[in-house]
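Participant: I would like to see how this sequence folds:
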Amino acid sequence: MASERPERELARELYTSGMTYPEIVAKLGVAKSTVSKWCNDLAAARQAAKIVKTVVREKKAKRERVIKAEKTKRERKGIDAAVPYEGFTLYLYPDRSFSGVQLVRRATQENFNLTRARYNMAVHLGRRLEKHELVRHISSDVTDDSISNLKILIKGSSRDFKPVFRACKSCEKEFQATRASRRYCSDECRARPVSKVPQIRQPVRATKIQLPTLVESECVICETKFRGREGIDVCSNKCRGTLIRLLAQEAAR
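Facilitator: Down below sits the predicted model:
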């Protein structure tokens, strides 16, 4: 024990300084299980310290992200929005940390967000876009929000935004459909019942079920008279089993 104590204390000091088990084994020349036994109580403390360092590092990184976001928010400059959004202040993010714009109503301080592509298309058309109008990029570069790289699509369809004419389902008047699923020219036609040709259902004829004819017979086993189908020679399952056994015995002879 006297010779083991210095090695144990030295192993604990080396483990506390940050050395691993293989490094301690190579330096002291003892078994790895022995080093693990000596430093078992220190391993939990070392793992706890590692967890604390990880938590502190994550908190520091989160705080840096918050500070960066606040700095970006302070750097953005508000300008008057274009024609479709009079009375709003437009805020842009210079480093594109948010891929859109924020519009704030100056009267009530209400705000909402728009993608830059949708805002640019609304300014180009001079009106706000409807819900069924989708703005998509022509090229694969989604960061290019110039008006030459944008197009409008109808929601629920892959076609370009072109006039789509079809006949009304109610009044049969031709109208311009703003979306692919529209079938009526107005709300009045949608509410009007569509005349349909009544379908005459043919009556279902009942099919007669032919029941088997019952005849008086006599059981070949117990000689009991019973009423059953023609060709049945036994009155019950018990007699049927007896008949099968007798036939099997005769066949065996």
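Participant: Strands of the stretch 51-200 of the chain, start to end?
Facilitator: 78-80, 88-92, 101-105, 111-114, 133-137, 150-154, 164-167, 174-177 (DSSP state E, counting those that start in this stretch).
Participant: right, so of those, which gets closest to residue 144?
Facilitator: Checking the strands of the stretch 51-200 of the chain against residue 144 by C-beta to C-beta gives strand 133-137 as the closest, at 6.8 Å. For the C-beta atoms, the positions are set from N, CA and C on the backbone; glycine is no exception.
Participant: Where do the helices of the chain begin and end?
Facilitator: For the chain, applying DSSP state H gives helices covering 4-17, 21-28, 32-38, 40-75, 116-125, 187-191, 237-252.
Participant: Touching stretch 222-230 from outside, list them.
Facilitator: Contacts of stretch 222-230 from elsewhere in the structure, counted by C-beta atoms under 8 Å, 6 or more residues apart in numbering, are 212, 213, 214, 215, 216, 217, 218, 219, 235, 239.
Participant: Any idea how far apart the tips of it sit?
Facilitator: With C-alpha to C-alpha, to the nearest Å as the measure, the ends of stretch 222-230 fall 18 Å from one another.
Participant: Same check on stretch 27-47?
Facilitator: For stretch 27-47, by C-alpha to C-alpha, the gap between its terminal residues amounts to 23 Å.
Participant: I would like the residues contacting it, please.
Facilitator: Contact with stretch 27-47 is made by 7-8, 10-12, 14-16, 19, 21-22, 24-25, as judged by C-beta under 8 Å, 6+ apart.
Participant: so what's residue 101 up against?
Facilitator: Neighbouring residues of residue 101 by C-beta under 8 Å, 6+ apart: 90, 91, 92, 113, 114, 115, 116, 119.
Participant: Turn those into JSON lines, columns for distance to residue 43.
Facilitator: JSON lines is the format used below for the contacts of residue 101 (distance: C-beta to C-beta, whole Å):
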{"residue": "90", "distance to residue 43": "58"}
{"residue": "91", "distance to residue 43": "53"}
{"residue": "92", "distance to residue 43": "53"}
{"residue": "113", "distance to residue 43": "50"}
{"residue": "114", "distance to residue 43": "55"}
{"residue": "115", "distance to residue 43": "53"}
{"residue": "116", "distance to residue 43": "54"}
{"residue": "119", "distance to residue 43": "58"}
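Participant: want to throw those residues into a markdown table with neighbour count, distance to residue 130 and pLDDT?
Facilitator: As requested, the contacts of residue 101 are exported to a markdown table (neighbours: other C-beta atoms under 10 Å; distance: C-beta to C-beta, whole Å; pLDDT from 0 to 100):
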| residue | neighbour count | distance to residue 130 | pLDDT |
| --- | --- | --- | --- |
| 90 | 19 | 21 | 84 |
| 91 | 19 | 24 | 80 |
| 92 | 15 | 24 | 76 |
| 113 | 13 | 18 | 84 |
| 114 | 18 | 14 | 86 |
| 115 | 15 | 15 | 86 |
| 116 | 19 | 19 | 86 |
| 119 | 24 | 15 | 89 |
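Participant: about what we covered before: most packed of the helices of the chain?
Facilitator: For these, average neighbour numbers computed from mean count of other C-beta atoms under 10 Å are highest in helix 116-125, which has a mean of 19.
Participant: how about low-confidence regions in the stretch 151-253 of the chain?
Facilitator: Counting by pLDDT under 70, the ranges of the stretch 151-253 of the chain that qualify are 156-164, 178-181, 193-209.
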